[in-house]
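Trainee: could you work out the structure for the sequence below:
(one chain, ligands or ions: 2)
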Amino acid sequence: MSDEYTKELIKQFIERCRAHSLKITPQRLAIYRELLKLQVHPSADAVYKNMVRDFPTISFDTVNRTLLTFAEIGVVETVESHSGVRRFETDLEPHHHLHCIKCGEIIDFCDSDLDAVEVPERIADEFTVIGKRVVIRGICRKCAEKDEDGEKTQPSKGKSQKAMPFAEV
Ligand SMILES: [Zn+2]
Ligand SMILES: [Zn+2]
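Mentor: Residues are numbered from 1 along each chain as shown. Ligands and ions are numbered 1, 2, ... in the order given. Predicted coordinates:
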């Protein structure tokens with residue numbers, strides 16, 4: 001992420017907080033910066049663990065509540081991971097996700113063909129659509145490489161799961 005882009009996001013963050021009369025405390029700003037830095041749709045727990053070194057007095061509860069407040073005012077979005085833990089998104093532009101079923105990483109990708117996928121009319125009729133995103137489940141390169149190493153030393157039992165694409169609307 002470029003410095004310029006980070007600066008722009010922080011500017012938007014501050015404007016949004018002001019618009020919602022949310023005080024911009026150094027702690028809130030630090031939490032948002034940490035989110036931007038992590039870039040992997042972190043969970044509240046991951047944000048907390050990364051921050052506690054620099055902010056030893058911060059509690060998990062504070063981080064969690066702050067992130068939920070951010071989601072309420074729309075500076076971040078929440079993303080459900082497949083383990084059921086709420087994860088946070090700072091990139092509010094349309095994009096799609098790769099979910100690794102092994103390490104749980106959620107990787108962003110852009111594709112104009114997928115952006116152009118239309119919501120079926122029968123869904124749009126009874127469901128107010130506010131966004132759509134394609135989620136592709138599978139195994140990331142890092143995990144696949146780890147698997148290969150493992151297979152060399154010990155014969156694997158059964159094949160790894162196949163990637164299963166499905167759409168989140
Ligand atoms: Zn992985
Ligand atoms: Zn994302």
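Trainee: what does the protein have sitting close to ligand 1?
Mentor: Near ligand 1, the residues belonging to the chain are C100, K102, C103, C140, C143 when assessed by CB under 5 Å from the ion. C-beta coordinates here come from the backbone N, C-alpha and C atoms, glycine included.
Trainee: show me those residues that map onto helices.
Mentor: C143 (DSSP state H).
Trainee: a markdown table for the residues of the chain next to ligand 1, including distance to ligand 2?
Mentor: As requested, those are exported to a markdown table (distance: CB to the ion, whole Å):
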| residue | distance to ligand 2 |
| --- | --- |
| C100 | 13 |
| K102 | 18 |
| C103 | 16 |
| C140 | 14 |
| C143 | 19 |
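Trainee: tell me which of the residues of the chain next to ligand 1 fall in strands.
Mentor: Counting by DSSP state E, those place C100 in strands.
Trainee: would you mind listing which of the residues of the chain next to ligand 1 are buried?
Mentor: By neighbour count, with 16 or more other CB atoms under 10 Å, those hold C100, C140, C143 as buried.
Trainee: what about K23, how many neighbours?
Mentor: Neighbours of K23 under the rule other CB atoms under 10 Å: 7.
Trainee: next, it: secondary structure please.
Mentor: Assigned with DSSP: H, G, I helix; E, B strand; the rest coil, K23 falls in the coil class.
Trainee: L67 now?
Mentor: Assignment for L67 (three-state DSSP): helix.
Trainee: what about the residue nearest to K37 when sequence neighbours are not counted, how many residues nearby?
Mentor: Once flanking residues are discounted, K37 sits nearest to N50: 7.7 Å by CB to CB, 6 or more residues apart in numbering. Counted by other CB under 10 Å, the residues lying close to N50 total 16.
Trainee: for N50, give me its contacts.
Mentor: Listed by CB atoms under 8 Å, 6 or more residues apart in numbering, the contact set of N50 reads E34, K37, L38, P42.
Trainee: are any of these buried, and which?
Mentor: The neighbour count (16+ other CB under 10 Å) marks E34, P42 as buried among the contacts of N50.
Trainee: can you tell me which two in the contacts of N50 are farthest apart?
Mentor: Pairwise distances across those (CB to CB) peak at 9.3 Å, for the pair K37 and P42.
Trainee: so what's the residue of the chain found nearest ligand 2 bridging to?
Mentor: Going by CB to the ion, ligand 2 is nearest to D108 of the chain, at 4.1 Å. Taking DSSP bridges, one obtains H97 as the residues bridged to D108.
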